[in-house]
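Trainee: can you look at this prediction? I've put the sequence above it.
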Amino acid sequence: MSVPFMWVDGNLTLILNNKAHQVLPDHINYRLILEALPTATNDELAELVDIEKAVSNFSDGLVEVKNGKVMFDGEEVHGSISKRILEFMSKGLPFQPLVNFLNNLMENPSMQSQKELYDFLEHEHLPITEDGHFLAYKAVRSDYKDKYAGTFDNRVGQVCEMRRAKVDDDRARGCSNGLHAGALNYVASYGSADSGDHIMIVKINPKDVVSVPSDCNCEKLRTCRYEVVGEYQGELLKPLYKSEFAEDEYNEDEEDLYDEYDDAYWDRYDDEDEDEDEDYDEYGSYS
């Protein structure tokens with residue numbers, strides 16, 4: 001039997017377990033509730049309406065939504081990540097990868113690094129992967145080595161890393177030790193097509209980020225590790241990618257990222273919106 005409801009000017013009122021629940025258009029599960037309404041049971045709709053419970057159940061209670069705020073282990077999460085979790089939910093996108101991202105971020109041993117990464121992600125809206133990492137860009141030489149020293153191989157499949165203690169954590173120094181990646185605008189101005197440079201897609205675990213220098217408007221970062229997962233074929237516009245990034249994911253008519261989601265599902269998401277400083281690697285050369 002269908003759940004009793006009333007829908008007036010976009011405002012939905014559901015009768016669940018003999019209790020009225022008002023669902024306004026700004027509810028983070030509004031679209032999902034409307035789609036489920038014809039066939040969903042009382043309990044299924046109750047789960048969608050009570051988004052705080054849904055988030056808490058998924059994350060074993062570590063991540064919660066209380067009074068419109070995202071909490072991690074009892075503490076409020078910074079606005080940029082909180083906003084993205086709520087935004088993913090409101091657009092019907094799976095929010096679990098962002099919870100994974102939070103778990104990874106909280107493994108970063110530096111509180112300052114955590115705060116700076118928020119600045120980078122908030123400014124650039126770079127995409128997240130299923131396992132809670134994020135994707136960024138890096139310009140390299142024509143032979144796929146790093147621009148300055150030529151010591152790091154940046155071909156697809158390579159993992160570049162150095163000791164974390166060797167990466168400069170002072171964001172006031174734009175030119176210093178570390179492995180670098182950045183936003184597309186920054187990296188595109190740094191690479192040179194005339195020299196045959198390549199722009200690579202790199203995957204970074206938030207726990208490995210060390211610093212986001214402030215001299216470039218938070219458009220680059222220093223990390224101790226990244227994995228090269230693809231070569232630039234176009235801007236990364238989707239908000240979410242598979243853990244194993246594939247270059248064919250650039251195409252808008254690609255196979256679905258998840259088999260259980262069809263094209264109409266992903267179409268709900270409206271696409272949002274290195275001239276790199278010389279930086280030394282652990283051997284005193286640039287990377």
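Mentor: Thanks, I have the structure now. Numbering: from 1, shown residues only.

Trainee: can you give me the helices for this protein?
Mentor: Under the criterion DSSP state H, helices of the chain are mapped to 30-36, 42-49, 51-58, 79-90, 96-105, 111-124, 184-190, 263-266.

Trainee: for those, give me CSV that also has mean neighbour count.
Mentor: (Each C-beta comes from the backbone N, C-alpha and C, glycine too.) CSV is the format used below for these (neighbours: other Cβ atoms under 10 Å):
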stretch, mean neighbour count
helix 30-36, 17
helix 42-49, 16
helix 51-58, 16
helix 79-90, 19
helix 96-105, 21
helix 111-124, 19
helix 184-190, 19
helix 263-266, 14
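
Trainee: output these as JSON lines; include the columns mean pLDDT.
Mentor: Shown next, in JSON lines, are the helices of the chain (pLDDT from 0 to 100):
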{"stretch": "helix 30-36", "mean pLDDT": "85"}
{"stretch": "helix 42-49", "mean pLDDT": "85"}
{"stretch": "helix 51-58", "mean pLDDT": "60"}
{"stretch": "helix 79-90", "mean pLDDT": "72"}
{"stretch": "helix 96-105", "mean pLDDT": "86"}
{"stretch": "helix 111-124", "mean pLDDT": "82"}
{"stretch": "helix 184-190", "mean pLDDT": "80"}
{"stretch": "helix 263-266", "mean pLDDT": "42"}
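
Trainee: how about a markdown table for those helices, with distance to R173 added?
Mentor: A markdown table is the format used below for the helices of the chain (distance: least, Cβ to Cβ, whole Å):
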| stretch | distance to R173 |
| --- | --- |
| helix 30-36 | 46 |
| helix 42-49 | 48 |
| helix 51-58 | 38 |
| helix 79-90 | 24 |
| helix 96-105 | 23 |
| helix 111-124 | 13 |
| helix 184-190 | 17 |
| helix 263-266 | 41 |
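
Trainee: E130: which of those is closest?
Mentor: Set against E130 and scored by Cβ to Cβ, the helices of the chain come closest in helix 96-105, at 5.0 Å.

Trainee: tell me the angle of that closest one relative to helix 79-90?
Mentor: 160 degrees (axes from the mean of the first three to the mean of the last three Cα atoms, to 10 degrees).

Trainee: relative to L24, which of the helices of the chain is closest?
Mentor: Closest among these, using Cβ to Cβ: helix 30-36, at 7.4 Å.

Trainee: chain center to the closest one, what's the gap?
Mentor: 24 Å (Cα atoms, centre = their mean, to the nearest Å).

Trainee: for A46, what are its contacts?
Mentor: 16-17 (Cβ atoms under 8 Å, 6 or more residues apart in numbering).

Trainee: what about the nearest residue to L184 once chain neighbours are set aside, how many residues nearby?
Mentor: Nearest residue to L184 in three dimensions, chain neighbours excluded: Y137, at 5.2 Å (Cβ to Cβ, 6 or more residues apart in numbering). Neighbour count of Y137, defined by other Cβ atoms under 10 Å: 25.

Trainee: hang on, the earlier thing: select, out of the helices of the chain, the one closest to Y148.
Mentor: The nearest among those, by Cβ to Cβ, is helix 184-190 at 10.9 Å.

Trainee: out of the helices of the chain, which gets nearest to R171?
Mentor: helix 111-124 (5.9 Å).

Trainee: what about P25, neighbour count?
Mentor: Neighbour tally, P25, other Cβ under 10 Å: 12.

Trainee: thinking again about what came up before, what bridges to the residue nearest to L184?
Mentor: Y137 forms beta bridges with G182, I201, as assigned by DSSP bridges.

Trainee: close enough to count as contact, it and N185?
Mentor: No - using Cβ atoms under 8 Å, Y137 makes no contact with N185, being 9.3 Å away.

Trainee: where does this protein dip in pLDDT?
Mentor: 1, 26, 28, 51-61, 67-68, 79, 89-94, 123-125, 191, 247-287 (pLDDT under 70).

Trainee: D143 is nearest to which of the helices of the chain?
Mentor: Judging these by Cβ to Cβ, what sits closest to D143 is helix 184-190, at 16.7 Å.

Trainee: now that closest one - C-alpha only, CSV.
Mentor: Taking Å, rounded to 0.1, in the frame of the first residue of the first chain, the C-alpha atoms of helix 184-190 are listed here in CSV:
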residue,chain,number,x,y,z
LEU,A,184,44.5,22.8,-14.1
ASN,A,185,44.8,26.5,-14.5
TYR,A,186,48.1,26.5,-12.6
VAL,A,187,49.6,23.4,-14.2
ALA,A,188,48.6,24.5,-17.7
SER,A,189,50.5,27.7,-17.3
TYR,A,190,53.5,25.8,-16.0
